[in-house]
Structure formats: C-alpha cells, structure tokens
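S.K.: Structure of the sequence below:
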Amino acid sequence: MCAFVLVPAAHGAVEITAATIGHEGTCRDGALTVAALDLTNTGDKDVTGTAYVKVPLEESAPFVFSRPVDMPAGAHKRVLVYPNIPEGGAASGEVSAGFQPRKGAVSEVKVTIKSQSPDDLLVLVCTDGTGSFNFARMVDPSKWVTPIPGMPPGTGGPGGRYGPGGGPQPPYVSYCRTEDLPDSWKGFADIDLLILDEFSPQAIGPDQERAIVEWVTAGGRLLVTGGEQFRRLSESFIAPYLPVEVMGTTVLGEGLPAMVSRFGGRMEPAPTAVCAGRIVRGGSVVAQGGQPLLAYSRQGLGTVWYAAFSFTTRPVAQWDGAQEVISSILKRGRQYQPGLVCQHAGPVVANALSASASPNPPSFKVISLFLIGYIVCLVPLNYLALRKLDRRELAWVTTPAIVLAFSLLAYGLGFVLKGRAVVLRSVSMIEVQASTGAGAAQSYYSVFSPKKASYRVAFGAPNVDASVPAPVARMSMRGPRSDLKLNTPFEVEAGERDTVKDLLVQMWDQRMFSARAPVVLGGDVKSDLRVGRDAMVVGQVTNALGGLRLEGGGLIFRGQTQQLDALAPGAAVAVRLGPVRPARSDEPPPKPLGWRDTSGPYAMMGSGMGGPMGAPTTAPEADAQAAASLASGPTSSWSSRGGPYRVRADLAEGAAEGFLRQNTYTFRDDEALLLGWADTDALGADLVGTHGATEQAKALVVVHIPVAEG
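M.R.: Got it, this is the predicted structure:
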C-alpha cells in the first residue's frame, strides 16, 4: 500500500482524507494509472476547484494531471485522476495529490508510489464476493517469457522485480469492488488482464461500462467468469461483446475433465454449475458436452475471454491447474499485441514531425545579401550621403536609424520566411479492426508560434491521454543529440473536452506533445479475402471507414504486398497477391513489454542510428520491412509559407519501428494489414481561443483484415 503523508499547508474548506495511486497502491512505470482522492468539504459553503496529481521529473517542473470538481457543503467525494507515471517512476518516488479551490488555500498530500517494471504482469480482479484469485500469483511467466537480451541475472532493469534467473516474477494481483472500477479506460492502461468475477452489473455505471469497452477496444484483455448466476452475464453491458450467447445454467455432473485435459492438474469430478450457451463470435478453446467452457472474441484490438464456470467455487476452487488458464491468457497477450503502431513508434515519429515541421531557415544567398546591404548602407552610403549634404555631424542620428530600419526589416523577413500564423500540425497512427472500425489512435502534435505565448489544445475525442513523447538520441559529429524540445511540462485537464493547458511556446519556435485514445471510425472495411489452394490470396476489399479516403498504401499478408491506388469512401478493390508462405506451425514466443528486436533490420532505429542493418531474419521482420516500404510510397508534403514539410519517409521508418518493437506481434498469419494515408486527426484536436490558426493533419491508417483458409 502507498504511504500517506500530510504536507503542512493552510487549512481550507476542502480536505484530502485519503489518497491512493495505482491498484491497491501499485502501478506500472511508463503508463497511465488511476489515482483515487477522497475529498471532504468541512465548511458550510459550496466550493468549486480542481483535484490534481503532480508527477515530479528529474530535470524539469512536474507534470500536472487535473480534474474539475464541485464540492457542496459537507460533501464527501471520491475523485479519480489519471496520471502518467514516467519510465523509472517519479523522480522522488512519490507524487503530490491535492485540491486547488478557485479561492482559498490549497490542500495537498504526498503519496509514495510502488511502481513495477514495464515488463512485469499486473492482474486486476473485480469481485464483490469472497473468492480469491491468489492462485494467479502461481503463474510462472519465466516459462514462456524470454528475458530481455543482455540483461544481467537478478537485475530486471530499472524498477524491475526480476529474480535470480533474470526472468519476470509472478503476476501482481490486486482487487477492487464493482463500484470502485475506474470511470476511464486510462485507469486500466497499466494492467495486463482485467477479471470480472462476482461483479454486480447494477453497480457498474455508464462511465465504467464505457471505460471497460474502450480499454478492450484499444488492446486490453478481459476475462469474464460464469457459474450459477448466468444473468450476471446475459443481462449486463458485456453481453454483446462475449463470444457466447448465454442462455441459462447447466450442471456438468462429472466436473470439468475437458479443462483438466487441456491445462493439467487435478480436479474433483463433482457436479459443476456452468453457464449454458452457444458460440456466436470468435472461437472456442475448450468445450465439453456441447457447451463452450473457455472461449474468446475480438473487440477492436483487444480480446474478451469467457469462462463458463466460476474459479472461486468448488470443485474449480480446489483445482491445481487453474493458474495455467490465467497463464495461457497472459501468454497469448504477449504473443499477439495489436496496437503496437499506436503505442511504441513515438520517438522516431515525433522526431520526424519535429524536423519536418520546423520552418526552413533562410538560404545562404538571402543572409549574404542582407548582411552586404546592411554594411553598405551603414558605412559607405551613410558617409557619402552625409558628405554630400555637408552634415556629417548627423551621423549620430542616421547610424541608429539605419540599425533600426534593418532590425525592422529582419523582423519582417522572419515573418515572411517563418510565418505569422499559429500552426497546429498532427501526425496520427490509427489502428483498427476491420469488422468494427474500432481500435486506437496515437497522435503527435507540433504547435508553431510566431510569438512567445501559452496555448490550450482541446480534443474532440473523449478520455485522451496526453504526454510528451520520449526523445530519441541521434548521432552527429558532436555526439548524441535530440531533436525534441521537452522543457516546460504542461497540465492535462480532464473534463467535457480533455485539454492540454499552459503549453508555452517561444517566439518562432514549436512545442511537441503526443496523445492517444480509443477510437471508432464510424464504419468498417468489408472483405472476403481467402487463401486458395494455389497459395494466392483473392477477394475484394471495400472501404467504408467513416468517409476516410485512403491513399498511397496497400495490402500486406505473409510477406506479399499489393500496392493500392486511392481508395475512396465506398470504393472496392479486387485483391490478388501471392503466392504467400504457409502459415506458421509454431506459436510466436512471448517476450516482455520492454523488449526490442536486436537482430532485425531496424534494430538500431530506437537509438536513431539506424535504418536497415541487413536482411530480415524472421517472417515477421520481413513483413515489417515490407510494410514500411509499402507505406512510404511517394513523398507527401504539407504546403506552407515556409515551403513544403516532407514527412512521409520518416513516418515510414516510425511505422516500421512501431511494428518491430515488442517482437513484431502486429503481424499475424490469419490477418492481412491494409495500410493507407488519410487527411485526418483521429483525436480532433484544436487550439482553443486562438483565432486564425492553421491546422494540418496526416494519418497512417492500419486495418487488421481477417483472411480465411481454403
């Protein structure tokens, strides 16, 4: 649990009576988490203010995450704020949580955080019962997670919990009651698996329901358990997303021998109540007597798992193989990780946007002519004019006047070359599932300002996670350097429209930040792709993605690509590519979240030192390299007063790194990827209160399309 230390401060009407960071005090480095602040208005007047969490950084002011709160007189409220914990944890090992009223004194506390390494496993169990999932702590991920290459045994990296073998420790399991579930997907962002066990559907509010669905849509993994209380599933918000249509309860008299056969261990052959139903989407993993016992379905980029039985009632509660079920779900989550292009291509893409959005400097010719004109006017012309007028004593007037004139000219030249308008540029990566158009988007933003000013950027998409992208060092003659300006952190305020506040930009400079959120594009991609006996993929793909026009991309499947022309809304294209390689007979090995390919063609890209280093060594690496080439296409540019801003080549590198990071798990042998560029900002960002601002957007759209065999 976290420590709670009160900071001496002036007493106000609203006090913080408790504060917790993470899930039962535990969170993950480099990820969003939930902060629960219990507030009490001890006064006799209503108070309006802001609840906040400040996360200290090593070399700058803290980042602030806030949420407006109204506190009636005598009220008690639990307010949830969603801070982003940097990699390595907070600088001091603790964060500040507080309440800032519009008028009056601030109430603030210090909260010690317990953060886990990014490659550790976190499981959150939502239950209102008395059953325990502590058996999940018996999962041994070192059996199937390859240690990070080059990691000394027993270290585990910054913040890690690695044991003597250098492999990850068993999962950390935390619990919450139904009413305490986060009301935003951001509260689940740092967990690997959410288990809804004996939950109360009536206690889950609309915001909590939306939070769970959005989190799964963006790549989360959810396990829902059954048992006797089948209406908990059939009549709850989760029913439309389950792989099984639950229709009642049945009792299997001999227990669950099919589960024992699949996962091992020993289970008493006693009558076991399970939910009765039929598969309506996804697939069945274990069935018995015609009843699916363990099944899964896709929702956006994530997975919904269904267990027809309860883990916390006999005879399953005494089954010594139950942890293997949880282990298999966690393992599959590390084998197939969609959403990588959204979450892990940041440094290269952000640097590409920073470099491409920078105004072109004046040419050497312009600078030379300006300096020559300045010198000529200041000395010879000034002298000759005063001598001709026989008024050399006026040199003390004409010289400052010439200096002032050329200063104004230089200022005007700067406006002409660098622009007079505030410009918000965005580059997005949108990854969705074909049948629903649902998934996640990661956007990178650059705000250019002709003057020193602070700006507010509001998002049209709900529940946006905004942060500063990690810089990537690039080698130069003077050693490593970074292209990103990361000083002066900003504040992220949750509300009707999530907003980045206090974004300070210097004169003729730019500031970078990133944001991500689940998205639904309001349409789908219809397809009937199939692998024939001749290993050729044939079929048709129709673009119905909410009016988006896709350009400069193509289709990739098992190493084969097909370049596609512009795919207008509603347009269809015939597909014939191949012959494709056979499907893999083995499963891809799971690896930690922090793992980066050290042997593939883009191995050094994360250090900014690379590009291809050699031929790809595995099929996924070949797919990633082909996808990068396919997405690069003809160079695209934005028009502007300062000249075109070329972005396509660097974005292709960023996309390739995003695919390759974490072992290329975006590429599956049962899915094709449709790649295309669109003029859109999936998160709908705009500058608030800035008139005449220019907004420009590009997006790389990645669509997962299922491909049938035979």
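S.K.: In which helix or strand does R262 reside?
M.R.: Element membership for R262 (DSSP states H and E) is helix 257-263.
S.K.: Mind listing what's buried along the helix or strand following that helix?
M.R.: Next along the chain after helix 257-263, taking DSSP H and E as the criterion, comes strand 272-279. For strand 272-279, the neighbour count (16 or more other C-beta atoms under 10 Å) marks T272, A273, V274, C275, A276, G277, I279 as buried. Heads up, the C-betas are built off the backbone N, CA and C, glycines and all.
S.K.: how about the residues you listed in CSV, adding pLDDT and distance to V139?
M.R.: Shown next, in CSV, are the buried residues of strand 272-279 (pLDDT from 0 to 100; distance: C-beta to C-beta, whole Å):
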residue, pLDDT, distance to V139
T272, 94, 23
A273, 93, 25
V274, 94, 23
C275, 94, 24
A276, 94, 29
G277, 93, 27
I279, 94, 27
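S.K.: Go through these and say which is closest to A75.
M.R.: Closest approach to A75 among the buried residues of strand 272-279 (C-beta to C-beta): C275, at 40.9 Å.
S.K.: so that closest one sits right up against G227, yeah?
M.R.: Yes - if you go by C-beta atoms under 8 Å, C275 and G227 touch, sitting 7.0 Å apart.
S.K.: Mind listing the residues bridging to V109?
M.R.: Beta-bridge partners for V109, by DSSP bridges, are L6, A97.
S.K.: Show the pLDDT at it.
M.R.: We have a pLDDT of 92 for V109.
S.K.: Next: A441.
M.R.: For A441, the model assigns a pLDDT of 88.
S.K.: SS state for it?
M.R.: Per DSSP: H, G, I helix; E, B strand; the rest coil, the secondary structure class of A441 is strand.
S.K.: neighbours around it, how many?
M.R.: When neighbours are defined as other C-beta atoms under 10 Å, A441 has 25 of them.
S.K.: list the contacts for it?
M.R.: The contact partners of A441, by C-beta atoms under 8 Å, 6 or more residues apart in numbering, come to 342, 428-431, 461, 516-519, 682-683, 699.
S.K.: Count the neighbours of the closest residue to it other than its chain neighbours for me.
M.R.: Spatial nearest neighbour of A441, excluding adjacent residues (C-beta to C-beta, 6 or more residues apart in numbering): A682 at 3.7 Å. Using other C-beta under 10 Å, A682 is surrounded by 29 other residues.
S.K.: Helices of this protein, start to end?
M.R.: 206-217, 231-234, 257-263, 322-335, 340-343, 346-357, 364-376, 382-389, 395-418, 619-632, 648-660 (DSSP state H).
S.K.: mean pLDDT lowest for which of those?
M.R.: helix 340-343 (a mean of 48).
S.K.: Who are the packing partners of the helix holding R262?
M.R.: Packing partners of helix 257-263 (3 or more C-beta pairs under 8 Å, 6 or more residues apart in numbering; DSSP states H and E): strand 283-288, strand 291-299, helix 322-335.
S.K.: Contacts only, for the residue of the chain positioned farthest from its centre.
M.R.: Using C-alpha atoms, centre = their mean, the residue of the chain lying farthest from its centre is D390. It sits 72.8 Å away. By C-beta under 8 Å, 6+ apart, no residues touch D390.
S.K.: Per-residue pLDDT of the residue lying closest to A568 once chain neighbours are set aside, please?
M.R.: Nearest non-adjacent residue to A568, counting by C-beta to C-beta, 6+ apart: R549, 5.3 Å away. pLDDT for R549: 89.
S.K.: Quick check: bridge partners of the residue nearest to T694 when sequence neighbours are not counted?
M.R.: Leaving aside its sequence neighbours, T694 sits nearest to V423 (C-beta to C-beta, 6+ apart; 4.6 Å). On the basis of DSSP bridges, V423 is bridged to F448, T694.
S.K.: Could you check how far V423 is from S454?
M.R.: Counting by C-beta to C-beta, to the nearest Å, the gap from V423 to S454 is 16 Å.
S.K.: Using PDB, write out every CA atom in stretch 534-550.
M.R.: The C-alpha coordinates for stretch 534-550 follow below in PDB (Å, rounded to 0.1, in the frame of the first residue of the first chain):
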ATOM      1  CA  ASP A 534      -2.500 -22.200 -55.000                       C
ATOM      2  CA  ALA A 535      -1.400 -20.100 -52.100                       C
ATOM      3  CA  MET A 536      -2.900 -17.000 -53.800                       C
ATOM      4  CA  VAL A 537      -5.000 -14.500 -51.700                       C
ATOM      5  CA  VAL A 538      -8.000 -13.400 -53.600                       C
ATOM      6  CA  GLY A 539     -11.100 -11.400 -52.800                       C
ATOM      7  CA  GLN A 540     -12.400  -7.900 -52.500                       C
ATOM      8  CA  VAL A 541     -11.800  -5.100 -50.000                       C
ATOM      9  CA  THR A 542     -14.400  -2.200 -49.600                       C
ATOM     10  CA  ASN A 543     -13.600   1.000 -47.800                       C
ATOM     11  CA  ALA A 544     -16.500   2.000 -45.500                       C
ATOM     12  CA  LEU A 545     -14.400   3.700 -42.800                       C
ATOM     13  CA  GLY A 546     -16.500   6.700 -41.900                       C
ATOM     14  CA  GLY A 547     -15.700   8.700 -45.100                       C
ATOM     15  CA  LEU A 548     -11.900   8.400 -45.000                       C
ATOM     16  CA  ARG A 549     -10.100   8.400 -48.300                       C
ATOM     17  CA  LEU A 550      -7.000   6.200 -48.100                       C
END
